[in-house]
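In: Predicted model and sequence follow; I will ask about them next.
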Amino acid sequence: MINLFDEVPSGFFNCLSSGSNHRVYADCLFVIYEQYDREITYRISRNRIRDALAAYFLEHHIHYIDVEDEQGEGKNYNDIANGVIRKFCSKDIGWLEEENDEATYEKHIIMTEQGILLTEFLQKLIKPEREEFSSYIFHIYNLLQNVEQWKENPYVDGLKNIYRNARLLSKSLKRLATFIKKIIERMVKEESLESLTENLLDYCDGSFVREYERLTKQQNIHIYRTFIKSKLDSFLNDSEINRLLVSGCAMEEEMSQAQAGEYVMDMIQATKRFLAEDYDRIMRDIKHKITVYLQIAIGRARFLRNKEADMRGTVEQTLRYIVKEMDEIDWKEALPEEMRALFTLDKNEFIDVGSIRYPRKAKAIKKETAVELEEMTAEEMQEAWNAHQKEAFNPYEKEKMKEYLESLMGGQETLSCESLPLKSKRDLLCALSAIAYSDKNGYSVRLLDGYLETHQMLLRRFDITKED
């Protein structure tokens, strides 16, 4: 089994783990990494690295740093920078490498692969990158939609990419769930209403909320998951694609055909399991934690606001919490018999004035009133009758929908949803009403696979059959 310290130098982490200069060394690593931003490779002139470090030492007034070599005691900032470069290039550290250009005899500094990975890891610890959760599912969906992208090598261009995006989404959502839990723990320790309000605003405008909201509010996200699962099933059922997947996996991962077959099966099943089960469980957990977070925040705000306002209200609230906790964890059952009288907190032997509802007093008629009757003419009565008829008219009632279906079917036994007229919004409402009254009008509706898009809506495909 490969060990980490077989791949990195023995003192790879020493600059960050011991000594009084670990903060300076970390900043120097960031300064060096920034110099490569506009370069095409991680190889630039040594003088440029030295000047950037010297500027950093000058700006932060660092006049000495122990670099543990014979040239470590520098007299100026350039000497200190040179000492740091030599330390980072040493075999024990291995963050940098130094080489000479054979053409110009100029010295260049190359940042090693391990040094790059370490710097990027430290940057992510300081400021984690925002991730667009919905992009993972859309990427998988678009990849499966475009067969031309992966048909030549289904494993490398298709399944491996799908499996990677599913795992990235799973890891990102798990990190989000953990982060919310830490926010809840921090909320409980707030000591002022101002700091609590700031924290709540940080939650509403937080770095993770917008990405989570976009994922949950994407319309018909389940349609994408259903399509992805059906495509993954086709990978297993299509013998030619399955053969290409296994052979591609064996070549890419350097496995035998038998091992590659099991590996491909595990990748497909793991992706399907995540989309069908784990995704929903993780999203429910995140939603539950967000709800708990808001409840704690609001409850904490009310407590901080009212803790000195009303002593009676504070006592009643405290007793209510105690009674609730006693009911939830069965304190009463664990108490000795002689102590139970001390905890009869919810025993009511009186009627509180606030709980009495006084009957409303009917208003007395102080003055008699009389209204003269007016006789309506036949024309006025007809107008009133027409107004009532117009108000009561329902173009989508059961009888009308039965006639509507009969006219569409024209003697046929079955009518497909593709045959329904859906050009206008009225046509759409008629179709929906006909389905709603189908059982009462002697018709049965059978759902089919797939969806029908109309008027910015997705309807499940169906057939309507006239029952005998």
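Out: Here it is on my side, so go on.
In: Going by C-alpha atoms from here, please, whenever you check contacts or count neighbours.
Out: Noted.
In: any low-confidence regions in the stretch 51-200 of the chain?
Out: 66-75, 130, 181-200 (pLDDT under 70).
In: Please list the outside residues in contact with stretch 255-275.
Out: Contacting residues not belonging to stretch 255-275 are listed as 159, 162-163, 166-167, 170, 225, 229, 232, 245-247, 249-250 [CA atoms under 8 Å, 6 or more residues apart in numbering].
In: Any chance of a markdown table for those, columns distance to G410, neighbour count and secondary structure?
Out: A markdown table is the format used below for the contacts of stretch 255-275 (distance: CA to CA, whole Å; neighbours: other CA atoms under 10 Å; DSSP: H, G, I helix; E, B strand; the rest coil):
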| residue | distance to G410 | neighbour count | secondary structure |
| --- | --- | --- | --- |
| L159 | 48 | 24 | helix |
| I162 | 48 | 25 | helix |
| Y163 | 50 | 17 | helix |
| A166 | 49 | 22 | helix |
| R167 | 53 | 15 | helix |
| S170 | 52 | 20 | helix |
| R225 | 38 | 18 | helix |
| K229 | 39 | 18 | helix |
| L232 | 41 | 17 | helix |
| L245 | 50 | 24 | helix |
| V246 | 53 | 24 | helix |
| S247 | 55 | 20 | helix |
| C249 | 56 | 25 | helix |
| A250 | 59 | 20 | helix |
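In: which strands and helices sit next to the host helix or strand of Y136?
Out: Assigned by DSSP states H and E, Y136 belongs to helix 133-145. Contacts defined by 3 or more CA pairs under 8 Å, 6 or more residues apart in numbering; DSSP states H and E place helix 133-145 against helix 160-188, helix 209-217, helix 221-237.
In: List the buried residues of that helix.
Out: By neighbour count on 16 or more other CA atoms under 10 Å, the buried set for helix 133-145 is 133-134, 136-137, 140-141, 143-144.
In: Turn the residues you listed into CSV, including distance to G115.
Out: Supplementary listing: these in CSV, determined by distance: CA to CA, whole Å:
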residue, distance to G115
F133, 29
S134, 32
Y136, 29
I137, 32
I140, 32
Y141, 36
L143, 34
L144, 37
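In: Please identify which of these is nearest to K400.
Out: Of all those, Y141 has the smallest distance to K400: 42.0 Å, by CA to CA.
In: The closest one reaches Y224, doesn't it?
Out: Yes: using CA atoms under 8 Å, Y141 is in contact with Y224, at 6.3 Å.
In: Counting neighbours, which bits of stretch 423-441 end up buried?
Out: Neighbour counts over stretch 423-441 (16+ other CA under 10 Å) mark 428, 430-431, 433-435, 437-438, 441 as buried.
In: just the residues you listed now: which is nearest F88?
Out: Among these, L428 lies closest to F88 (CA to CA), at 70.6 Å.
In: packing partners for the helix or strand containing that closest one?
Out: Of the helices and strands defined by DSSP H and E, L428 is found in helix 425-436. Applying 3+ CA pairs under 8 Å, 6+ apart, one finds that helix 425-436 contacts helix 398-409.
In: Can you list the neighbours in contact with the helix it packs on?
Out: For helix 398-409, contacts defined as CA under 8 Å, 6+ apart pick out 415, 420, 430, 433-434, 437-438, 441.
In: let's go with 7 Å and repeat that
Out: By CA atoms under 7 Å, 6 or more residues apart in numbering, the surrounding residues in contact with helix 398-409 are 415, 433-434, 437, 441.
In: could you point out which element follows that helix?
Out: strand 414-416.
In: Redo the contacts of helix 398-409 as TSV? Include distance to A54.
Out: Formatted as TSV, the contacts of helix 398-409 follow (distance: CA to CA, whole Å):
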residue	distance to A54
L415	81
S433	77
A434	79
Y437	81
N441	87
